[in-house]
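Peer 1: Sequence and predicted model, in that order:
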Amino acid sequence: MLLEQVVSGLASGSLYGLFALALVMIYRGTDVVNFAQGEMAMITVFVALTLMKAGLSFWAAFGCTLVFAALLGAVAERFIIRYVSQGAVLNLVIVTVGMFTVCNSLAGWIWGYIPEPFPTPLEGGAPLRLGGIVVTRYTLVILAVAVTIMVLLYTFFTFTTVGIAMRAVAQNRTASRLMGIPVNRMLLLSWALSSVLGAVAGVLVAPLTYVDPNAMSGLLVYAFASAVLGGLDSPVGAVIGGLLVGVVENLAGAYLGSELKLSFAFALIVGVLVIRPAGLFGHARLKKV
Amino acid sequence: MGIRVAAWVAGALVLVTAPFVLDPYYRFLVTMMIVYSVVAVGLNLLTGYSGQISLGHGAFLAIGAYTTAIVVARFDVMPYAPAILLGAVVTALAGLGLGFPALRLSGPYLAIVTVGFSIAVPQVLLKFEWLTGGVQGILVPTPPAPGALARWIEAEQWVYLLALAPAAALAAIAANLFRTGAGRALVALRDSEVAAQSVGISLRRYKLLAFTLSAFYTGLAGGLYTLAVGFVSPDSFTLLTSIQFLAMIVVGGLGSVFGSILGAVVITLLPNYASEISKAAPWAIYGAVLIVFMIFLPTGLAGLFRRLIARRPAGARQTGASAQTSIHRGGVRDDSQQPHPTPQAAPERD
Amino acid sequence: MLELNGIDAAYGPRQVLHGVSLSVAKGQVVTLLGANGAGKTTTLRTISGLVAPARGAVLLEGRPIHRLSAERIVSLGIAQVPEGRQIFPTLTVRENLRMGGYTRRGGAELERDVGRVFEYFPILRERQRQLGGTLSGGEQQMLAIARGFLARPKVLLLDEPSHGLAPLIVREIFRIIKAINEAGMTIFLVEQDAGIALSVAHHGYVMETGRLVLEGPAASLRANDAVRRSYLGI
């Protein structure tokens, strides 16, 4: 029983981890925590759904959606974030909170609130039995994608010139400009990429939660919390944070009743943050005095 | 100077006579504006003045409202006035509690924790049915005007006045807070934690103070809410509520009591007209407001107002310096209002 | 090599530079001296394209560059080692250096230059994998200079390399600056510490409140009474 709960928690946890990775992307590349990350991903999911209803195959729709996501991210950076990112942190947080609600309501306004199924070719196939526990193939797909993206992100930020340049831009824009790094272009790229990652996560998650603004919002808050728990600048932290939150949330739901799941999960997060404000795997910010 | 006094007197007169003149729908609306003003001032104390973001004030409102409701209606142990005060105190304690983890967090980390708080509190309220009435909430009777006054004053009008009095008092206290050492310490905190600490301002103490005070205000408003609305349920206090309050102080002006009130008025009016467009509209408007104001008008309507009436020579300061070009930890630099002990061309009024 | 003609620069309504004209000849170390707030950093920022001059021109090998973006200016051959070092704190030393060479194609040449940098600053080789933010002030300054060097610039701009460092370290750093120059690098050095600056420079300028007030070969500046009184404390 307990093991089943844990496995189930790992399954939902990998969903959180997926979204958390998009958050890590944006944070490492721009030093911004995008509250609206999940909601932006949700919009891309709706777009994918609309494309599929219009007759496109899953993969064609998916491809177009990724392009749309990149544009969405770039537009957000160019026309909203750029104006507040150099000022007080508070202003930036407020703006991303604003983006959160705008995206949420936009989705509701354009597509309505009735949950819709999201078809995907990745589902189906007989569930597997691993040591007495039933695991769906889809869960494994999600876990596999999450781990793959984690590895890709880690490699990107550690070994590629562009990745390192992005980290540099996030830390010190002036110095980056003096190195000849095209700062604005890097920021655009970071936002575009993280939006794409969000879209990937969204499309994978959608078949499970059904597509509806409110269903996904709940998930997204958890995902955000997982990223924070794991450490916002660590891809590994994102996935582990997600898995942890998933498991804890599930166990809390089973033993404390489902009404208090979220409260418990948040209590955990607060607890961790108090001890390690940078999250489990994050680097402490070296503050310039 | 004479104009100022006249304006204040006129304003006070309007406020006091309004309940007798307005029809019930608008009277209720104004009552809610008064209640929300108190929340907005409270939130501004935390976010605008000391730069700590909170998306949890919906939950604080809930705590105050429920405490009052439980004590007055569910268990019928206390009359209104002490119940409201009790609500405020309980909420203040909750604020103090939230303040401790907040000590180590800032910016988006603090935001997410307060979001959690916002979502957790209604869940807890739902769960403890024996206390809170669960999903059905608690119905609270509207108190009639006492004794002889009941002949001339209707119950709802009485409630309006009951709300107005503490609201005005609290607003005045907040406005004057920033002439005191404690107030200035809070602002110093916002502008630079490091600098503030290096002159001996205890970060811990003032951050906790900000949270506690802010929660007290909001809890008291919660009690007033119960009074005015007559009903509390977990659904009334969601994350959206918290975002609504944030929108209020952003529209009105971070770091300004006058702004808080302005913002409360504007944002309370909005949903009335907005929900005619669509169910989703209020969310969209609050979000849009947050974005647009932070980019174009970071000092809010109050800041705009101040700039409009302050047509005097620049004196010792750069006027017109846009707040968004200053790189600076903490909240918006409200360039037209600096409660530091620096020589100023004319006294700033709040 | 590098020329400024009648540069006026301002931050908003506040004008900081007034009609600044100077030139840096190829292969020389030219220094710009002045007290805090004199406008030295603004001069460098204007050259690097971080500030657009209100009037005047900046010429690199005769070509006007003052209207170009900062990134473009770096790729044309001007690298700046900024005030306060400004290294990337959570990037390793190696990664910091790699960023220095951002505008280059990379590959064998870059690796060779990294090797040269390690010869100038052996301590950096030792600390390759350490995070930039954990280095001492002197080491950070070396890292910053190394970074600038790796851009293979035609002109290297240095903004107060002595700032906040102990005298012994300053002497060491300036020894290396001299060595870099002797190997062929043109250097434009902004400094408050006139003594050490004039010991490595060939030519110098003195700036006060955004205007150039004195100019001449380093030796004559060293002998100049006004300079001696105001900047050398003699």
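Peer 2: Looks like it came in fine. Everything numeric in this text was worked out from a predicted model, so none of it was measured. Numbers count the residues shown, from 1 in each chain, chains lettered A, B, ... in the order given.
Peer 1: What residues does chain C have near chain B?
Peer 2: C:12-13 (C-beta under 8 Å from any C-beta of the partner chain). (Glycine included, C-beta is placed from N, CA and C.)
Peer 1: Distance of C:Gly107 relative to C:Val114?
Peer 2: Using C-beta to C-beta, to the nearest Å, one obtains 11 Å as the distance from C:Gly107 to C:Val114.
Peer 1: My error: substitute A:Phe159 in the last question.
Peer 2: The value you get for A:Phe159 to C:Val114, if C-beta to C-beta is used, is 16 Å.
Peer 1: who has more neighbours, these two?
Peer 2: A direct count of neighbours by other C-beta atoms under 10 Å in any protein chain shown for A:Phe159 and C:Val114 places C:Val114 higher, at 21 against 9.
Peer 1: Would you confirm that that one belongs to a helix?
Peer 2: Yes: C:Val114 sits within a helix when classified using DSSP: H, G, I helix; E, B strand; the rest coil.
Peer 1: Grab the nearest non-local neighbour of it.
Peer 2: In this structure, C:Val114 finds its nearest non-sequential neighbour in C:Leu97, 6.0 Å apart by C-beta to C-beta, 6 or more residues apart in numbering or on different chains.
Peer 1: swap in A:Val145?
Peer 2: Nearest to A:Val145 is A:Leu204, by C-beta to C-beta, 6+ apart, at 6.1 Å.
Peer 1: which helices and strands sit right next to the host helix or strand of that neighbour?
Peer 2: Assessed by DSSP states H and E, A:Leu204 sits inside helix A:183-209. Helix A:183-209 is packed against helix A:2-30, helix A:37-53, helix A:58-76, helix A:137-159, helix A:161-171, helix A:173-178, helix A:213-230, with contacts defined by 3 or more C-beta pairs under 8 Å, 6 or more residues apart in numbering or on different chains; DSSP states H and E.
Peer 1: Look up how far chain C lies from A:Leu158.
Peer 2: Residue A:158: Thr, not Leu. Separation of A:Thr158 from chain C (C-beta to the nearest C-beta, to the nearest Å): 9 Å.
Peer 1: gap between that residue and C:Thr92?
Peer 2: A:Thr158 is 10 Å from C:Thr92, by C-beta to C-beta.
Peer 1: longest helix anywhere in chain C?
Peer 2: helix C:167-182 (DSSP state H).
Peer 1: could you list every residue that touches B:Gln197?
Peer 2: B:Gln197 makes contact with B:Leu203 under the criterion C-beta atoms under 8 Å, 6 or more residues apart in numbering or on different chains.
Peer 1: pLDDT score for it?
Peer 2: Predicted confidence (pLDDT) for B:Gln197: 71.
Peer 1: go on, the one 4 residues further on?
Peer 2: According to the per-residue confidence, B:Ile201 scores 66 in pLDDT.
Peer 1: What is the strand or helix carrying the residue nearest to C:Val114 packed up against?
Peer 2: Secondary-structure assignment from DSSP H and E places C:Leu97 in helix C:93-100. Where contact means 3+ C-beta pairs under 8 Å, 6+ apart, helix C:93-100 is packed against helix A:161-171, helix C:137-150.
Peer 1: Measure how far that helix is from the centre of its chain, please.
Peer 2: Here helix C:93-100 is found 18 Å from its chain centre; the criterion is C-alpha atoms, centre = their mean, to the nearest Å.
Peer 1: Just the residues contacting it, thanks.
Peer 2: Residues outside helix C:93-100 that contact it (C-beta under 8 Å, 6+ apart): A:161, A:164-165, A:167-168, A:176, A:179, A:181, C:79, C:87-88, C:91, C:114, C:117, C:124, C:127-132, C:135, C:143, C:146-151.
Peer 1: what about 6 Å?
Peer 2: In this structure, residues lying in contact with helix C:93-100 by C-beta atoms under 6 Å, 6 or more residues apart in numbering or on different chains are A:164, A:168, A:179, C:87-88, C:124, C:127-128, C:130, C:132, C:143, C:147, C:150-151.
Peer 1: now those residues as a markdown table including neighbour count and pLDDT?
Peer 2: Shown next, in a markdown table, are the contacts of helix C:93-100 (neighbours: other C-beta atoms under 10 Å in any protein chain shown; pLDDT from 0 to 100):
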| residue | neighbour count | pLDDT |
| --- | --- | --- |
| A:Ile164 | 23 | 93 |
| A:Ala168 | 25 | 93 |
| A:Met179 | 28 | 91 |
| C:Ile87 | 29 | 90 |
| C:Phe88 | 25 | 92 |
| C:Leu124 | 22 | 90 |
| C:Arg127 | 20 | 90 |
| C:Gln128 | 14 | 89 |
| C:Gln130 | 14 | 91 |
| C:Gly132 | 26 | 89 |
| C:Leu143 | 25 | 93 |
| C:Arg147 | 30 | 92 |
| C:Leu150 | 24 | 91 |
| C:Ala151 | 24 | 89 |
